[in-house]
Each structure stands twice: as C-alpha cells, then as structure tokens.
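Novice: This is a predicted model, with the sequence first.
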Amino acid sequence: MRKLPIILGILCVLLVGGYFTAMYVANKMADTKLREALAKTQDKADVAYDSVSVNLWKQNLSIADLNVKLKNGAHFTVGRVVVHDYDIKHPKRPRYATVSVHGMSIPVDKENFHDEVDSVRELGFQTVVADAALTYRWDPDVQGLVLDPLDVQVKNLGSFQLATEVDHINVKALRALEIEDLAVKRLHVTYNDVVFLQTVMQNTRKNEEELVRYVSEGIDEEIVKAKDEGRANAVKSLTELGRYVEQPGKLAVDVVLDDPVKVSDVLAMRKVTDIIKLFTISISQQ
C-alpha cells in the first residue's frame, strides 16, 4: 500500500510533464507554420506578431499583438486572433474554420482613409476599434459557402451581422466579376447603429435641407404604395424610416431574404422596388 502513493505521484508527474511537453511542441510547430504562411504574403503585407500559443485543453490557437502594414500603406494592429476551430485535414484550403479577432485598432489617417480622413475625424474618431468573429463552411460538391455568422462590432459606431449560404461559387469567375451563376440560398443581415448613421443624418439635415425634403416625400409616396399593395411590414418599416429622417436616433435594420434566388434573376430586374420585394426588411429606432 505504501507504494501506491509513490506510483500515483510518478503518474501525475508524467502526465503533467507530458502535457507541458506537448504544449511546447505544439506552440513551436504553430509558430513555424505561421512564419511559413506569412512568408508567402510578403508581397502583399508585412506582418509582425509577439507570440503564438496553442491551448490543448480548449483546442484553440491564439496569436497575440499583431502589427499589419499592407503594401498600399494601410496599417492596423490587432490585440489577439484566436482560431477556435480549423479543418486540419485540408490545411491549404480549409473547408471550415471559426476565427475571432479582438482589439483591431485602425488609425484614422491618410494612409487608411485617404480623402475621407477629415469626414471620419468629424465623427469623433481618431482610431477605429473593432472586434470580429467569423465561422464558415465550404462544400466542394456544390461549391457552396456558408457564413454563419460574420459578426463585426465597432466601438462607438455600430455592429454588423451577416449569415448567408451561397452555392455555385467559381473563384476564377468571381475574379473576373462574373457573378451570374451564384445562387443565394439564405441571407440575413442585421445592422445596429450607435452613432455613425445618426451623426451622418444629423449633418445632412443641417446642410442638405432640400435633399432631406426630397427623401421624406419619396418615403411618403412609398408608404402609400405599400398600403395599396397590402404590404404591412413595408408600411411599418417605411414609417420608422420616415421618423428616423425627421428625428435621427439609434437605428436598427434587419434584412432577410424570403426565398432562395439566383443572382442572374436579380440582375435581370429593372426596378429597385422589385429587388426590395425579395426581402423582408425591418427598421426600428430607439
């Protein structure tokens, strides 16, 4: 019986030692692979980072303190990138992944915002700070991509969420801007404004009174048409939009595609109103 504690102690030491050894090896391998991957992007961007760590318990990989500078001069920093899930069977072209970006910081300067730098600064931003998360799946059989979700949170500005499913994606065709064969099976977009659109609308009301009047009259006309067509949801959303134009507040927009649609069918539509009818659009403000 006296030997049992000794055996258990030895086992604990071996397990703990094995765990930390595995951690060290995993971190070393991740760092090597990351450096190899970044070396292939040197013609597009210069990327530096502080450390890479692998958490075997949580099964994720974390990259800390990134500094990115693109060849066009744009630059930003990221506090941490975490890969929560990854298709290790297809490392060159992973068919699924979940990635989160924490503390992305984009300076408001000429290199990043060009001619719009003064306009962005007028909104009160010297630096744009954002977090983002993305989960995607790729199905090679139907050349289909699922994004669910793409979530972007911009501090003191707003948030954007996208969930979509698109089939018949041909990379070569997309590079040539040929999108007719795409089939959108599902699309859900949500935007919650904190200050951006509110500030833009307030400035527009102050400096473009004629434009605001024209927009308000157009909204009133669309409300009448929606009532005649029995589109209750459109009436409600347009009414909220009209109220927003008159008294800008924190706006929330929710857009859902009602039925699957081919992009070629959308491109064939001549009226914007016909395209809008493909969606259920909800607009509200606080």
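Specialist: Right, received. Where do you want to start?
Novice: Tell me which helix or strand comes right after the lowest-mean-pLDDT helix or strand in the chain.
Specialist: Least confident element among the helices and strands of the chain, by mean pLDDT, DSSP states H and E: helix 3-39 (a mean of 56). Tracing the chain past helix 3-39, the next element assigned as helix or strand by DSSP states H and E is strand 45-48.
Novice: tell me the average confidence for that next one?
Specialist: In this model, strand 45-48 has a mean pLDDT of 90.
Novice: residue ranges with poor pLDDT in the chain?
Specialist: Counting by pLDDT under 70, the ranges of the chain that qualify are 1-34, 37-38, 56-58, 286.
Novice: go with 80
Specialist: Confidence mapping of the chain against pLDDT under 80 gives the ranges 1-41, 54-60, 88, 91-92, 123, 195-196, 272-273, 285-286.
Novice: Can you list the residue ranges for helices in the stretch 51-200 of the chain?
Specialist: Listed from the start of the chain, the stretch 51-200 of the chain has helices (DSSP state H, counting those that start in this stretch) covering 110-113, 117-122, 171-175, 196-207.
Novice: list the buried ones in the second one?
Specialist: So that's helix 117-122. Neighbour-count burial for helix 117-122 flags 117, 120 (criterion: 16 or more other C-beta atoms under 10 Å). (C-beta placed from N, C-alpha, C; glycine too.)
Novice: Looking at the helices of the stretch 51-200 of the chain, which is nearest to Leu187?
Specialist: Proximity of the helices of the stretch 51-200 of the chain to Leu187 was assessed by C-beta to C-beta; the nearest stretch is helix 171-175, lying at 17.1 Å.
Novice: So what touches that closest one?
Specialist: 179, 181 (C-beta atoms under 8 Å, 6 or more residues apart in numbering).
Novice: Reformat the helices of the stretch 51-200 of the chain as CSV; add distance to Pro260.
Specialist: Output for these, formatted as CSV (distance: least, C-beta to C-beta, whole Å):
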stretch, distance to Pro260
helix 110-113, 37
helix 117-122, 37
helix 171-175, 19
helix 196-207, 30
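Novice: Ser284: which of these is closest?
Specialist: helix 196-207 (13.1 Å).
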